[in-house]
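> next input, structure requested:
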Amino acid sequence: MSMWAPFSERARRTIVLAQEEAQRLGNNYIGTEHILLGIVGEGESSAAEALASFGVTLAKVRTEVEAIVGRGGQIAQQEMVFTPRAKRVIELAFEEARQLNHNYIGTEHLLLGLIRQGEGIGAKVLEALSVDLAALRTKLKAGAGAERVSAFAVREVSPERVGQGSAFTSAAQHALLAAAEETKRLGRISCGTDDLLFGIAHVETSLASQVLAKNGVTAERIHDHLAKPSSEGSAPSEGEIEFSKQTKHCFERAFGETIGFKQRQIGAEHLLLAVLAETGHPGADVLTSLGADFERIRRHLVELLGERNA
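Residues are numbered from 1 along each chain as shown. This next block holds a predicted model:
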């Protein structure tokens, strides 16, 4: 298995940007300063947000790095080597992840490793920018886990693996399992967005189900509607159930909603927002047939989520 396999999508992007920053500076190696530049340059990760809260910007870091190491005159190689200190940062990132009981490496772990390594140019740049490293470390640990899910992870999920990871909340997991059971009941092999909608409504304790019920959409009504033939995955169910491409696309949209509400896991409410986001798929068709007002449901759900997060 590749050493990069446990890295979150944003952590991988950070390493790519670190290499690009090294090339920009004419360096044929990746040091701790380039890793820091990659973290800040990625811009949307939990580590980048933590640095931004301390006033750290890409322009400031570039200025400090160039003041310390200057610009090289060498043509950067395609495959760059990591400096011993940069390698140590990555080793420490794995250690930080283990201590936090995380099964992935995110940008927060990389930055924690960089701070802990302490002797590299990256840490010196942060000190030059008057960043309180102890306070930054505390902030990172408090928010650790934000990259636990990724668009890649949710795209690869299957009904058999729903409960094996932490991408989804307990309510969302129950919704997905109920959706898969509905697919089996209908004799299909592909769990569509209509089945997903049923699963969301089925978990009556969830905020999403309660909002649907207040708008006249219940699991029973969806169930009755699904008794009719569906255009998505209508083959008899003889093998393993799988989520349809449209359903997995919903997962990716739900992941975006999760990040937007600054949550760590995809909940049933995020799944419902994803179903509501577009028309032209089976789940949206069911809602339309049941006379649901998409905008009203979405507005109601967003208001309640805002209250819960306040």
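> flag the shaky bits of this structure, pLDDT-wise.
By pLDDT under 70, the weakly predicted segments of the chain are 1-5, 72-80, 143-156, 160-161, 163-166, 228-239, 259, 262, 308-310.
> which segments of it make up each domain?
9-142, 154-309 (automatic domain parsing).
> tabulate the ones you listed (CSV), appending mean neighbour count.
All C-beta atoms are positioned from the backbone trio N, CA, C, and that covers glycine. Converted to CSV, these look like this (neighbours: other Cβ atoms under 10 Å):
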stretch, mean neighbour count
domain 9-142, 19
domain 154-309, 19
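> for stretch 170-180, what is the distance to the chain centroid?
In terms of Cα atoms, centre = their mean, to the nearest Å, the centre of stretch 170-180 is found 19 Å from the chain centre.
> residues contacting it, please?
159, 162-163, 168, 191, 195-196, 198-200, 202-203, 205-206, 208, 241, 265-268, 270-271 (Cβ atoms under 8 Å, 6 or more residues apart in numbering).
> among the residues you listed, which ones are in strands?
C191 (DSSP state E).
> so which residues of the stretch 101-250 of the chain form strands?
190-191, 242-243 (DSSP state E, counting those that start in this stretch).
> so which of the ones you listed gets nearest Y104?
Closest to Y104 of the strands of the stretch 101-250 of the chain is strand 242-243 (Cβ to Cβ; 21.3 Å).
> counting contacts, what elements does the closest one pack onto?
Strand 242-243 is packed against strand 190-191, with contacts defined by 3 or more Cβ pairs under 8 Å, 6 or more residues apart in numbering; DSSP states H and E.
> and the strand it packs on, which strands flank it?
If you go by DSSP bridges, strand 190-191 pairs up with strand 242-243 (parallel).
> got the contact list for the strand it pairs with?
With Cβ under 8 Å, 6+ apart as the test, strand 242-243 has contacts from V157, S158, P159, I189, S190, C191, F251.
> switch to 6 Å and redo it
For strand 242-243, contacts defined as Cβ atoms under 6 Å, 6 or more residues apart in numbering pick out C191.
> tell me how far that strand lies from the chain's centre.
Chain-centre distance of strand 242-243: 20 Å, with Cα atoms, centre = their mean.
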